[in-house]
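> any chance you could fold what I've pasted below:
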Amino acid sequence: MTQWDSTSAEATRLVHGDRGDTYGHPAVDYQRTVALFKALTGHDLNVTDGVAFMACVKLSRIGAAMEAGLDAKTVRDSIVDLAGYADCLFAVWELFPPKPTERPTS
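Model (predicted):
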């Protein structure tokens, strides 16, 4: 089987290394992020929503790159970031589990 340069391993090195050292635990980092988002827009996101939103940004960029026919190496950074956001989402979700959405009963 062919080996490749692991995007998830790179994401782990970043999240648990340089970026983690710089920004702290994702829960702390994204509490700041959603507070700024609310100040800017008036919309309140919880911390898990904030991380999930960032993953959506990366998925959007990856999708646009796929539509444009770009190669994987060109969007590698977005793929690495997406893996990092997945790791951050898990870390945040453990501390701040989202509350279930109430659905109307029929």
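
> let me know the helix or strand that the residue positioned nearest the centre of the chain is in.
Nearest residue to the geometric centre of the chain (Cα atoms, centre = their mean): Tyr85, 2.6 Å. Per DSSP states H and E: Tyr85 is located in helix 76-95.

> and that helix, C-alpha only, in CSV?
Provided in CSV are the C-alpha atoms of helix 76-95 (Å, rounded to 0.1, in the frame of the first residue of the first chain):
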residue,chain,number,x,y,z
ARG,A,76,-3.7,20.8,1.6
ASP,A,77,-3.7,23.6,4.1
SER,A,78,-7.5,23.7,4.3
ILE,A,79,-7.6,19.9,4.6
VAL,A,80,-5.1,20.1,7.5
ASP,A,81,-7.2,22.8,9.1
LEU,A,82,-10.4,20.8,8.8
ALA,A,83,-8.7,17.9,10.6
GLY,A,84,-7.5,20.3,13.3
TYR,A,85,-11.0,21.7,13.7
ALA,A,86,-12.4,18.2,14.1
ASP,A,87,-9.9,17.7,16.9
CYS,A,88,-10.8,21.0,18.5
LEU,A,89,-14.5,20.2,18.2
PHE,A,90,-14.0,17.0,20.2
ALA,A,91,-12.1,18.8,22.9
VAL,A,92,-14.7,21.6,23.2
TRP,A,93,-17.7,19.2,23.0
GLU,A,94,-16.3,17.2,25.9
LEU,A,95,-16.3,20.3,28.1
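
> off-centre distance for that helix?
Offset of helix 76-95 from its chain centre (Cα atoms, centre = their mean, to the nearest Å): 4 Å.

> picking up where we left off before, check contacts around the residue lying closest to the residue nearest to the centre of the chain once chain neighbours are set aside.
Nearest in space to Tyr85, with sequence neighbours left out and distances taken as Cβ to Cβ, 6 or more residues apart in numbering, is Ala55 at 4.2 Å. Yep, even glycine has a C-beta here, placed from its N, CA and C like the rest. Ala55 is in contact with 82, 85-86, 89, counting by Cβ atoms under 8 Å, 6 or more residues apart in numbering.
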